[in-house]
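In: any chance you can model this:
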Amino acid sequence: MIHVLETWRFKEEVIDRIPELMQEMDDLVGPAAHEHPAFLGHATFLQHDDEPTKVWVLYPWRSREEAVELTASEGPLIDDFQAKYCTSPREITYLSEVPHEHDHDDDHDHHH
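Out: Numbers count the residues shown, from 1 in each chain. Just a heads-up that it's a prediction; the model follows:
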């Protein structure tokens with residue numbers, strides 16, 4: 001399993017519409033992604049506090065090769081969207097989790 005991190009950079013004039021626009025983008029590419037056999041879970045959308053025109057979309061996927069295959073096919077679905085609302089095409093980064101042990105004997109109240 002990998003994590004896919006997409007970086008979307010929006011035009012200043014649409015900052016107030018980012019939640020609506022991210023839903024529109026998800027409506028364009030989500031159905032095919034959710035049907036794909038490599039789909040492992042829904043995306044999390046994260047807007048930068050210090051740079052509100054930047055949004056990260058983070059989601060798990062079965063393999064990098066399958067993620068590349070899917071995202072390469074999405075161009076026709078999102079090209080007009082990106083041209084209209086974004087300052088540049090989305091950037092895609094692939095991440096692998098670093099294995100580590102969790103100390104479960106701490107006294108902290110974590111809400112994950």
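
In: if we go by neighbour counts, what in the lengthiest helix in the chain is buried?
Out: If you go by DSSP state H, the chain has its longest helix at helix 18-35. Neighbour counts over helix 18-35 (16 or more other CB atoms under 10 Å) mark I18, L21, M22, M25, D26, V29, A33 as buried. Bear in mind the C-beta positions are built from the backbone N, C-alpha and C, glycine included.

In: isn't the fourth one right next to I78, touching?
Out: Yes. Under the contact definition of CB atoms under 8 Å, M25 touches I78, with a separation of 6.5 Å.

In: rewinding a little: in a markdown table, list the buried residues of helix 18-35 along with distance to D103 and pLDDT.
Out: A markdown table is the format used below for the buried residues of helix 18-35 (distance: CB to CB, whole Å; pLDDT from 0 to 100):
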| residue | distance to D103 | pLDDT |
| --- | --- | --- |
| I18 | 37 | 97 |
| L21 | 40 | 98 |
| M22 | 35 | 97 |
| M25 | 38 | 96 |
| D26 | 36 | 95 |
| V29 | 38 | 95 |
| A33 | 35 | 93 |
